[in-house]
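S.K.: sequence and predicted model, in that order:
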Amino acid sequence: MIVCLVDTETTMQNNVADFGAVIADLSTGEILDQIGSLIYGQFNRAELWFDYRADPNSFWSAQNTRARRKQYKKRIANGSRSIASPALINIWLAKNCGRYNPAVTAYNLPFDSSKCDRTGINLGMFSRSFCLLKAARATYMQDSKFIKFCYDNDALTKTGRPSFTADNVSHFLLGDSLDPEPHTALEDARDYELPIALDLYKRGAL
């Protein structure tokens with residue numbers, strides 16, 4: 001099974017600022033192609049999304065947006081990010097859609113699809129799609145080891161239920177040596193969400 005696994009980071013106007021995707025064969029674990037691009041007209045003009053209610057010292061605070069933008073600029077300088085238009089992203093997607101006919105997915109597909117649509121990034125070209133978060137929740141909720149992991153690590157929602165964030169599930173699968181999720185699109189998709197898709201595929205859940 002080949003997938004196009006998408007992740008986005010957004011602006012305060014709910015457009016995509018950072019787009020990442022990997023084309024991967026879940027039967028072998030091979031990454032066939034990948035892209036990480038900051039969106040021209042969004043990243044360089046709009047404010048990165050932040051939470052007004054967040055603690056000033058937290059990652060999603062307004063105070064941290066300057067540091068996040070600085071880290072992105074470092075990625076541009078070291079070549080791990082480019083700046084591309086939505087049209088160029090669509091060319092990349094169309095090339096891989098035609099070559100591999102993958103199913104498109106994301107860890108919360110409705111969210112990422114809506115932001116891509118607002119930004120002019122066309123995920124509608126794919127004939128098959130599924131939500132990775134939905135599949136993860138259905139599978140790991142039945143896994144007693146995952147439930148124990150959540151309680152042992154205080155990885156719970158505000159209502160006291162197991163947390164199904166990609167960061168939490170990937171740490172369950174890969175262990176404590178994995179750094180916290182960086183919340184950058186390509187790295188989140190490739191290093192945190194793809195391992196979840198691979199595990200679900202091995203379990204026969206995809």
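M.R.: The structure has been received and is ready for your questions.
S.K.: determine the number of other residues adjacent to the closest residue to residue 97 other than its chain neighbours.
M.R.: Distances taken as C-beta to C-beta, 6 or more residues apart in numbering put residue 125 closest to residue 97, at 5.2 Å, once the chain neighbours are dropped. Just so you know, the C-beta spots here come from the backbone N, C-alpha and C atoms, and that holds for glycine as well. Close neighbours of residue 125, defined as other C-beta atoms under 10 Å, add up to 13.
S.K.: tell me the secondary structure at residue 125.
M.R.: coil (DSSP: H, G, I helix; E, B strand; the rest coil).
S.K.: do you know how far it is from residue 91?
M.R.: Using C-beta to C-beta, to the nearest Å, residue 125 is found at 11 Å from residue 91.
S.K.: and what of residue 105?
M.R.: Distance from residue 105 to residue 91, by C-beta to C-beta: 21 Å.
S.K.: looking at those two, which is more packed in?
M.R.: Applying other C-beta under 10 Å to residue 105 and residue 91 shows that residue 105 carries more neighbours, namely 25 against 12.
S.K.: part of a strand, is the more buried one?
M.R.: Yes: under three-state DSSP, residue 105 sits within a strand.
S.K.: give me the beta-bridge partners of it?
M.R.: residue 5, residue 130 (DSSP bridges).
S.K.: check contacts around residue 5.
M.R.: Contact analysis of residue 5 by C-beta atoms under 8 Å, 6 or more residues apart in numbering lists 21-24, 105-106, 132, 189-190, 193-194, 197.
S.K.: can you show me the helices along the chain?
M.R.: Taking DSSP state H as the test, the helices found in the chain are 65-78, 86-100, 109-119, 132-140, 144-152, 166-174, 185-187, 194-202.
S.K.: most tightly surrounded among the ones you listed?
M.R.: Highest mean neighbour count among the helices of the chain (mean count of other C-beta atoms under 10 Å): helix 185-187, with a mean of 22.
S.K.: report the distance from it to the chain centre.
M.R.: Mean C-alpha position of helix 185-187 versus that of the full chain (C-alpha atoms, centre = their mean, to the nearest Å) differs by 6 Å.
S.K.: now do that helix: which elements does it pack against?
M.R.: Where contact means 3 or more C-beta pairs under 8 Å, 6 or more residues apart in numbering; DSSP states H and E, helix 185-187 is packed against strand 2-10, strand 16-25, strand 30-39.
S.K.: got the contact list for that helix?
M.R.: 7-9, 18-22, 34-36, 80-81.
S.K.: just the buried ones from these?
M.R.: 7-9, 18-22, 34-36, 81 (16 or more other C-beta atoms under 10 Å).
S.K.: the nearest residue to residue 85 once chain neighbours are set aside and residue 69, how far apart?
M.R.: In this structure, residue 85 finds its nearest non-sequential neighbour in residue 40, 4.8 Å apart by C-beta to C-beta, 6+ apart. Remark: distance between residue 40 and residue 69 (C-beta to C-beta) = 15 Å.
S.K.: and if you look at residue 120?
M.R.: 22 Å.
S.K.: next: residue 92.
M.R.: Counting by C-beta to C-beta, the gap from residue 92 to residue 69 is 24 Å.
S.K.: residue 138 too?
M.R.: Taken as C-beta to C-beta, the span from residue 138 to residue 69 is 37 Å.
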